[in-house]
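*Asks:* Below is the sequence, then the predicted model.
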Amino acid sequence: MSDANEDIRETIWEYQVSCSELYRELNWPCCYSALTKRINGDVYMSRPMKQEIKEACVLISKRRQIASHLQEINCRETRDYIKSHGIKLKDVAKEIGLSSSALSSILSGNARLTDKRRREIINAVDELSRKEKEYD
């Protein structure tokens, strides 16, 4: 590894971006190994290329922040949906085949809430709510 592109490696490290993420983001007409060789300093990299990599790192970082924020919103809205229907978390967990702690972990943001899982939770709440109304 050469010191030639150390500034780029520091930028990549600072933003915690992987080479594969950069490769997808940059969409350069070169192979993955050519990109890593440029980053490692084995192949020359022009100033515009370095600037493009820095901009890609910033974009990837911003995209991650937005995704994280959206994930928080989804978790909060799903928790509120469960609460608004007055359904117990353990009942929802049982209905979708999860432990209460696993569901709690998902809704607190410690585990990823996928769209599929969110639909399962909402459907379970609707089903449990319907069953409750039938018993009344």
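*Replies:* Perfect, I can see it now. Numbering: from 1, shown residues only.

*Asks:* what packs against the worst-scoring helix or strand of the chain on mean pLDDT?
*Replies:* Counting by mean pLDDT, DSSP states H and E, the chain has its least confident helix or strand at helix 32-40, which shows a mean of 89. Helix 32-40 is packed against helix 6-15, helix 19-26, with contacts defined by 3 or more Cβ pairs under 8 Å, 6 or more residues apart in numbering; DSSP states H and E. Every C-beta, even on glycine, is put in place using the N, C-alpha and C of the backbone.

*Asks:* Can you give me the distance of Lys131 to Tyr15?
*Replies:* The gap separating Lys131 from Tyr15 is 49 Å, by Cβ to Cβ, to the nearest Å.

*Asks:* who's more crowded, the two?
*Replies:* Between Lys131 and Tyr15, counted using other Cβ atoms under 10 Å, Tyr15 has the larger neighbour count: 18 against 12.

*Asks:* So for stretch 95-108, mean pLDDT?
*Replies:* For stretch 95-108, mean pLDDT is 94.

*Asks:* right, and Ile121 touches His85 too?
*Replies:* No. Contact between Ile121 and His85 fails when scored by Cβ atoms under 8 Å: they sit 11.0 Å apart.

*Asks:* So those two - more neighbours on which side?
*Replies:* Comparing Ile121 with His85 by other Cβ under 10 Å, the one with more neighbours is Ile121, at 25 against 14.

*Asks:* What are the buried residues along the helix or strand where the more buried one lies?
*Replies:* Per DSSP states H and E: Ile121 is located in helix 115-135. Across helix 115-135, burial judged by 16 or more other Cβ atoms under 10 Å covers Arg117, Arg118, Glu120, Ile121, Ile122, Ala124, Val125, Leu128.
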